[in-house]
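Peer 1: sequence-free structure coming up:
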Ligand SMILES: [Fe+2]
Ligand SMILES: [Fe+2]
């Protein structure tokens, strides 16, 4: 089983150059599973945080969803043999939180995230039968847990360690949320346990934070009966181009 975890695209603040590199690598990797969601949409307009009114005007909710959908089509094209699974996150949940503040609209089916995003038409799995807590985590072969995450520590891989602590070091983890790349390993009685923070694919100049310590990149995992192999590919910038090196090949936008 090969999976790819493109996380934290944050439409409409996605970085198309970084995405272009990630899409090429995804195409060569040819995964069986693609994780989507995971701060795929920013939902800037309905955030509870202070907002720049000029940005709300430029980035309406409908435009954001159109951009995200276009992005999904590109991921589908790049990974034609992959099933897609929606991983919920704090940004994707902004819609539900907004509806909780406007309870008179809460039960409108058209405003439920899977319906609003047209996940069925896109062939993206949302496990409806699990009710309100669906799609916050995906467990692969009882050995790899994929979550978006809520914790943010100061440095790369510190969050990965914190998440492993929370899980009592019992399972390997891929997470998003921190917008950093970082890997942390331990030797336990269960064997090697590993946790990875899986980069971001959004702009590195988001406006609400100056010079963030974030890294763009892509994470891929191969899970076999005997091995869990995670490949973390950081991207670098030279001039106006984004580059990556993976399996003896250079990629750029
Ligand atoms: Fe994020
Ligand atoms: Fe997040």
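Peer 2: Looks like it arrived, so ask away. Every value quoted in this text rests on a predicted model; they were computed, and no experiment measured them. Numbers count the residues shown, from 1 in each chain. Ligands and ions are numbered 1, 2, ... in the order given.
Peer 1: Show the end-to-end separation of stretch 227-239, please.
Peer 2: 38 Å (Cα to Cα, to the nearest Å).
Peer 1: just stretch 169-176 next, same as before
Peer 2: Distance between the two ends of stretch 169-176: 18 Å, counting by Cα to Cα.
Peer 1: Numbering from 33 from now on, please.
Peer 2: Yep, numbering from 33; the last one is stretch 201-208 now.
Peer 1: got the contact list for it?
Peer 2: Residues outside stretch 201-208 that contact it (Cβ atoms under 8 Å, 6 or more residues apart in numbering): 37, 39-40, 67, 70-71, 119, 121, 171, 175-181, 191-192, 195-196, 199, 218, 220, 222, 225-230, 232, 251, 253, 260, 262. C-beta here means a position set from N, CA and C on the backbone, and glycine is covered the same way.
Peer 1: From the residues you listed, list the buried ones, please.
Peer 2: For these, a neighbour count by 16 or more other Cβ atoms under 10 Å gives the buried set as 37, 39-40, 67, 70-71, 119, 121, 176-181, 191-192, 195-196, 225-230, 232, 251, 253, 260, 262.
Peer 1: what secondary structure does residue 258 sit in?
Peer 2: coil (DSSP: H, G, I helix; E, B strand; the rest coil).
Peer 1: For it, list the residues it contacts.
Peer 2: Contacts of residue 258 by Cβ under 8 Å, 6+ apart: none found.
Peer 1: ok, it to ligand 2 distance?
Peer 2: The gap separating residue 258 from ligand 2 is 33 Å, by Cβ to the ion, to the nearest Å.
Peer 1: Tell me which entries of the contacts of stretch 201-208 lie within strands.
Peer 2: 37, 67, 119, 171, 176-179, 218, 220, 225-230, 251, 253, 260, 262 (DSSP state E).
Peer 1: so which residue of the chain comes closest to ligand 2?
Peer 2: residue 209 (3.8 Å; Cβ to the ion).
Peer 1: so what's the closest residue to that residue other than its chain neighbours up against?
Peer 2: Distance criterion Cβ to Cβ, 6 or more residues apart in numbering; nearest residue to residue 209, sequence neighbours excluded, is residue 181 at 3.9 Å. Contact partners of residue 181, counting by Cβ under 8 Å, 6+ apart, are 191, 195, 207-210, 229.
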